[in-house]
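Chemist: What would the 3D arrangement of this be:
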Amino acid sequence: MIRMKHLKIYCEIIISPSVIKRALKVSLIVGTTLNLINQGEALIALDVADLSLVKFALTYLVPYGVTTYTATAMKVEFQIGTKAIVETDLQCKKCGCEIHVKENELIPECLACGINTHWKLK
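Modeler: Just a heads-up that it's a prediction; the model follows:
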């Protein structure tokens, strides 16, 4: 179950500039490509009558959502050697050791587990 504290961290990551920027880039490239494949004739002919606006919008929204989800999931893993995107408390999944990391601070190895460290939100 997600605690309110964790939900706040997820929301901070979702609205972070790096996640939004990546999701917009992927959405623009993938959405445009898929729209050209699926509705290319109507788009090139500017035939609005044959153009499905719902499909057009979803073709951009789905890659945006998938990229946002994936980027958020990766950033919540707090992998050692990467920068923390938010300030939070972490707990080692293996030994239970706890640390506090600040935003943009490099995430360290657990003193007990070394390179086998896997952090989770406390």
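
Chemist: Against residue 117, how distant is residue 80?
Modeler: Here residue 80 is placed at a distance of 5 Å from residue 117 (C-beta to C-beta, to the nearest Å). All C-beta atoms are positioned from the backbone trio N, CA, C, and that covers glycine.

Chemist: so what sits against both of the two?
Modeler: Residues touching both residue 80 and residue 117 by C-beta atoms under 8 Å, 6 or more residues apart in numbering: residue 109.

Chemist: Looking at these two, which has the bigger crowd around it?
Modeler: Using other C-beta atoms under 10 Å as the criterion, residue 80 and residue 117 rank with residue 117 on top: 23 against 16.

Chemist: Now the one residue sitting closest to the centre of the chain: which helix or strand?
Modeler: The centre of the chain sits closest to residue 71, judged by C-alpha atoms, centre = their mean, with a distance of 2.2 Å. Per DSSP states H and E: residue 71 is located in helix 53-76.

Chemist: where's that helix relative to the chain centroid, distance-wise?
Modeler: Centre-to-centre, helix 53-76 and its host chain are 9 Å apart (C-alpha atoms, centre = their mean, to the nearest Å).

Chemist: Please apply the same query to stretch 22-41.
Modeler: For stretch 22-41, the distance to the chain centre is 19 Å (C-alpha atoms, centre = their mean).

Chemist: Give me the buried positions along it.
Modeler: 22-23, 26-27, 30-31, 34-35, 39 (16 or more other C-beta atoms under 10 Å).

Chemist: Kindly export stretch 26-41 (C-alpha atoms) in CSV.
Modeler: Taking Å, rounded to 0.1, in the frame of the first residue of the first chain, the C-alpha atoms of stretch 26-41 are listed here in CSV:
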residue,chain,number,x,y,z
VAL,A,26,9.0,10.5,-26.7
SER,A,27,5.3,11.5,-27.1
LEU,A,28,6.1,13.9,-29.9
ILE,A,29,8.3,11.4,-31.9
VAL,A,30,6.2,8.2,-31.2
GLY,A,31,2.8,10.0,-31.5
THR,A,32,3.7,11.7,-34.7
THR,A,33,5.0,8.5,-36.2
LEU,A,34,2.0,6.5,-35.2
ASN,A,35,-0.4,9.2,-36.4
LEU,A,36,1.3,9.2,-39.8
ILE,A,37,1.0,5.4,-40.0
ASN,A,38,-2.6,5.2,-38.8
GLN,A,39,-4.1,8.3,-40.2
GLY,A,40,-1.5,9.5,-42.7
GLU,A,41,-3.7,9.9,-45.7
